[in-house]
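>>> Just to be clear, the model below is a prediction. Sequence and coordinates:
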Amino acid sequence: MAKILAVTEYYNEAKNIPGLVENMAAQSYPPDLWLIIDDGSTDNSTELFEKNLKKFDIPYILYTMAPKPKPDQNLKGRAYRKIEILNNEWVDSDRFDFVILTGGDSRFTKFYTEIGVRVLQEFPEIGAMAGRCRSEPGTDTPMGGGKIVRWDIVRNTKGRYWDLDPDSLWNIIALSMGYKLLILKDLLMWTTRPTHMYASSGFYNYGARMFYVGWNPIQSTIYTLILTIRRTHPHHFLRGYLHKYVEGTWTCKDEEIKRFYSFKRMILRILGAVPMQDKATIVYIGADGISDKDLTDEYMKNVYSIVRKGFNQK
């Protein structure tokens, strides 16, 4: 069986963590090791995390940041840089085949990890995949909790971590390495609150990110007008940008990331004109409500056929 590493960065998730651990322990492919990153919590999140991991006999490694009064989505990468998976010799080992990213508030259907991993094993050309968050339409690239990534992509992040978390960076590196991306639309997860891709706080963070990658005020204003037309939290986006613009100390040095988030490319993306190779193949595989008796080799062969057909049609 494939070796799976789970990674969770969290801040004050005491209400959610016991449920997360129980949910992951119940996966048909549970993690072989769990990296837990306390990004400065001021509650008993870490105590509960460790207690529940021990309860379900899941090995783990804990990393902690200094306590802070509130979280900052756009500085999560500073927490990730604390862990060995990113910048030490451990990332060069072959201990794992895949990484699954989970949020503190994430929950998954029982076969989420197994189906995702088996698809990645069948298709070596796929670098990263994800399902979809229930009740949200989803995006055109694998994002957020539930993303499963090949270990060699994770290995290529060594020394490259930025202030943001590795979620988007894994996609960028996968594409640059020639991998394809996949979304299984009805392989479902859910969260106890809206994901940052749809919450107003997420657009605030998005605005901050655009300052980080080098957008100027005119570009951010134009993008705000587009978001106004689309009615997707324009004021929060602009506020996030202006906040970091006033601070003026937060800039990205990675040229590949800056190109990926360039103003032109983000305008094309929001207009639906991003090159097809930068988007995931999106398919339905009949996974919603699947039970133990349904997850047969015949079912997986059908899944492989659907995914293969999806790639051929793209």
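Perfect, I can see it now.
>>> Where does the prediction get shaky in the stretch 201-314 of the chain?
The model of the stretch 201-314 of the chain has pLDDT under 70 over residues 274-277, 314.
>>> what ranges do the helices span in it?
For the stretch 201-314 of the chain, the helices defined by DSSP state H, counting those that start in this stretch cover 217-230, 234-247, 255-260, 263-270, 297-313.
>>> Out of these, which is the most enclosed?
helix 234-247 (a mean of 18; mean count of other CB atoms under 10 Å). No exception for glycine: its C-beta is placed from N, CA and C like everyone else's.
>>> before we move on, back to that, mind checking the helices of the stretch 201-314 of the chain for the one nearest to Ile100?
Nearest to Ile100, of all the helices of the stretch 201-314 of the chain, is helix 297-313, at 18.2 Å by CB to CB.
>>> Show me what that closest one packs onto, helices and strands only.
Packing partners of helix 297-313 (3 or more CB pairs under 8 Å, 6 or more residues apart in numbering; DSSP states H and E): helix 112-122, strand 281-283.
>>> now it against helix 112-122, angle please.
On the basis of axes from the mean of the first three to the mean of the last three CA atoms, to 10 degrees, helix 297-313 is oriented at 60 degrees to helix 112-122.
>>> Nearest to Arg95, out of the helices of the stretch 201-314 of the chain?
Smallest distance to Arg95 across the helices of the stretch 201-314 of the chain (CB to CB): 25.8 Å, for helix 297-313.
>>> chain center to the closest one: distance?
Taking the mean of its C-alpha atoms, helix 297-313 sits 24 Å from the chain's own mean (CA atoms, centre = their mean, to the nearest Å).
>>> What lies in contact with that helix?
Helix 297-313 has contacts (CB atoms under 8 Å, 6 or more residues apart in numbering) with 115, 118-119, 122-123, 125, 180, 182, 281-287, 290.
>>> Tell me the buried residues within these.
Ile115, Arg118, Val119, Phe123, Lys180, Leu182, Thr281, Ile282, Val283, Ile285, Ala287, Ile290 (16 or more other CB atoms under 10 Å).
>>> OK, contacts around the second one?
Read that as Arg118. Residues near Arg118 by CB under 8 Å, 6+ apart: Met300.
>>> mean confidence for the lengthiest strand in the chain?
Ranked by number of residues, the top strand in the chain under DSSP state E is strand 180-191. Averaged over strand 180-191, pLDDT sits at 93.
>>> now do stretch 40-55
Throughout stretch 40-55, pLDDT has a mean value of 96.
>>> in it, what counts as buried?
Across stretch 40-55, burial judged by 16+ other CB under 10 Å covers Gly40, Ser41, Ser45, Thr46, Leu48, Phe49, Asn52, Leu53.
>>> Name the surrounding residues that touch that stretch.
Identification of contacts with stretch 40-55 by CB under 8 Å, 6+ apart yields 10-14, 17-18, 21-22, 34, 36, 38, 59-60, 62, 64-69, 71, 79, 104.
>>> and the buried ones among the contacts of helix 297-313, which two are the farthest apart?
Of all pairs in those, the most separated under CB to CB is Lys180 and Ile290 at 24.0 Å.
>>> rewinding a little: okay, and which of the contacts of stretch 40-55 map to strands?
Per DSSP E, strands hold the following members of those: Tyr10, Trp34, Ile36, Asp38, Tyr60, Leu62, Thr64.
>>> Roughly how far does the first one sit from Phe56?
Translated: Tyr10. Per CB to CB, to the nearest Å, Tyr10 is found 17 Å from Phe56.
>>> who's more crowded, the two?
Tyr10 (24 against 13; other CB atoms under 10 Å).
>>> for the closest residue to the more buried one other than its chain neighbours, what are its contacts?
The spatially closest residue to Tyr10, leaving aside those adjacent along the chain, is Gly104, at 3.8 Å (CB to CB, 6 or more residues apart in numbering). Contacts for Gly104 (CB under 8 Å, 6+ apart) come out as Thr8, Tyr10, Tyr11, Glu13, Asn16, Ile17, Leu20, Ser45.
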